[in-house]
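S.K.: sequence plus the predicted model coming up.
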Amino acid sequence: MAKNRKKKNDDEGIGSFILEFVIMLAVLSGIYYCLFTFVFSNETVSGPSMQPTFENNDRLIAVRHFDLKRNDIVILKAPDEKNALYIKRVIGLPGDMVTSKNDKLYINGKHVSEPYLNNSLAKKATKGGQLYTNNFTLRRRVPKNSYFVMGDHRDVSKDSRYFGFVKRSAIIGEVKLRYWPLNQWRVF
């Protein structure tokens, strides 16, 4: 009789453990789902437009709720490709006039430094006598609730110079973390 009671208690203990484990797994899965649906975005870089800041297949975490500032790196819905996402740097804020002349960026007539362009790709272009960023001047100011974005690899990036301003509603998240590859881990 004592053996039966002990076996019954052991069976209840295992059953209770399994039930608690399943409940804990369901709760954690629900939390993960909610976080990556409403708070974070987990993305993979595809293409060279943000080199050398980001390389192809880098893995990123972006925050979905944010206030944009100049030079923030964002994930946005591609305005020229259905179901595609782009990663770009915010250059022009609402009300800004953006100009690039002789590889110097001007916002509202004032020179703005771009230290992220001090890289081998830019040096290679300028060494060959080419401009890294083609000269341009916006025809109008960046509209309200819109942004002017560009990739860091200026001579290959498809960005606002080609597809125009990006509405705030098209911006999915602000990049906060590169977690892959592990040796390139970085907080932005």
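M.R.: Done, it's in.
S.K.: need the residues that contact stretch 155-174.
M.R.: Applying CB atoms under 8 Å, 6 or more residues apart in numbering, the set of residues contacting stretch 155-174 from outside is 40-41, 43, 48-50, 62-64, 66, 68, 72-77, 79-80, 85-86, 88, 91-92, 121, 125, 130, 132-134, 136, 142-143, 145-151. Yep, even glycine has a C-beta here, placed from its N, CA and C like the rest.
S.K.: what do you get for stretch 126-144?
M.R.: 92-103, 105, 117, 121-122, 125, 148, 150, 154-155, 161, 165.
S.K.: thinking again about what came up before, now list the buried members of the contacts of stretch 155-174.
M.R.: 40-41, 43, 48-50, 62, 64, 72-77, 79, 85-86, 88, 91-92, 121, 125, 132-133, 142, 146-151 (16 or more other CB atoms under 10 Å).
S.K.: how about residue 30, phi and psi?
M.R.: Phi and psi for residue 30, reported as degrees, to the nearest 10, are phi -60, psi -40.
S.K.: run through the helices of this protein in chain order.
M.R.: For the chain, applying DSSP state H gives helices covering 2-34, 120-127, 160-163.
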